[in-house]
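1. Turn this into a model:
(one chain, ligands or ions: 1)
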Amino acid sequence: MSASVLIVEDEPELNRMISDFLAARGYRASSVFDGPAALRAVFEHPPDIVVLDLNLPALGGLEVARTITSETDIPIIVTTARGEEEDRLEGFRSGVDDYLVKPFSLPELAARIEAILRRATRPTGTRGGDELADGPPVVAGPLRLDQARREAFVHGKPVSLTAVQFAILMRMARSPGRVFTRLQLLESFQDHAFDGYERTIDVHIKNIRRRIEADPHHPRILETVRGVGYRVVGGRT
Ligand code: CA
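-> Residues are numbered from 1 along each chain as shown. The predicted structure is shown next:
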């Protein structure tokens, strides 16, 4: 399946040029024109990568970048006008993955996207809380999680998880069978969970399942408990 790219750019002509170019390269490109629409799109249909203009109406690009990077693992390439050097630094602090100065060449943008998507399959180890104490590995069903080394295994085979995914899974695996609400899971990687963002957990759960489940659409390890939340299956194997 081709990778999906969300283009956040308020200049309609530029947005269309990027979108057409990426579509011609085989990407599934979708376009939004302001910050609020970008966040809705990210949480409702998480793309594989976001191309984000810094200078946006309604909600600034940095704010959008912060929200995306604090709540998802979706990589971001920021685009910005020349002379916004301070924004550039600020942008990197909020965890964006790459940065292009306008006017940029479309092939260059495509090259950066490809590079990041190749990289995205590796563990990042840079995001999310590590507030859980070290200790012996936690075992739940076919899962084994080693907090000290931050390594995860399913049926003895290593799987790569980002820091946030690891924190969420660890929270559940420490209490196999117990059901966690989305809000409780949010709290496993951010200090202050806030209303309205519980759905972002669904994005993380989907990403975790892609990595630990043989068939992510029929999960056997990380179960949905309808109307309540999620749980990791109990018992040892
Ligand atoms: Ca703009």
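2. C-terminal to whichever strand or helix holds residue 202, what's the next element?
-> Element membership of residue 202, judged by DSSP states H and E, is helix 199-212. Next along the chain after helix 199-212, taking DSSP H and E as the criterion, comes strand 222-225.
3. Just give the number of residues close to whatever residue of the chain ends up closest to the ion.
-> Residue nearest to the ion within the chain (Cβ to the ion): residue 55, separated by 4.0 Å. The C-beta positions use only the backbone N, C-alpha and C, and glycine is treated the same way. A total of 16 residues lie near residue 55 under the criterion other Cβ atoms under 10 Å.
4. ok, now residue 177?
-> Neighbour count for residue 177, taken as other Cβ under 10 Å: 13.
5. mind listing what it touches?
-> By Cβ atoms under 8 Å, 6 or more residues apart in numbering, residue 177 lies in contact with 231-234.
6. how close does the most centrally placed residue in the chain sit to residue 216?
-> Closest to where the C-alpha atoms of the chain average out (Cα atoms, centre = their mean) is residue 73, at 2.0 Å. Residue 73 sits 15 Å away from residue 216, going by Cβ to Cβ, to the nearest Å.
7. What of residue 231?
-> For residue 231 relative to residue 216 (Cβ to Cβ), the value is 16 Å.
8. so the residue nearest to the centre of the chain touches residue 165, yeah?
-> Yes. If you go by Cβ atoms under 8 Å, residue 73 and residue 165 touch, sitting 7.1 Å apart.
9. Which neighbours do these two have in common?
-> 204, 207.
10. Which secondary structure elements does the helix or strand hosting residue 144 sit against?
-> Assigned by DSSP H and E, residue 144 belongs to strand 143-146. Packing partners of strand 143-146 (3 or more Cβ pairs under 8 Å, 6 or more residues apart in numbering; DSSP states H and E): strand 138-140, strand 151-154, helix 163-173.
11. give me that answer again for 7 Å
-> Judged by 3 or more Cβ pairs under 7 Å, 6 or more residues apart in numbering; DSSP states H and E, strand 143-146 is in contact with strand 151-154, helix 163-173.
12. Low-confidence ranges, this structure, go.
-> By pLDDT under 70, the low-scoring segments of the chain are 1, 82-95, 119-134, 189-199, 235-237.
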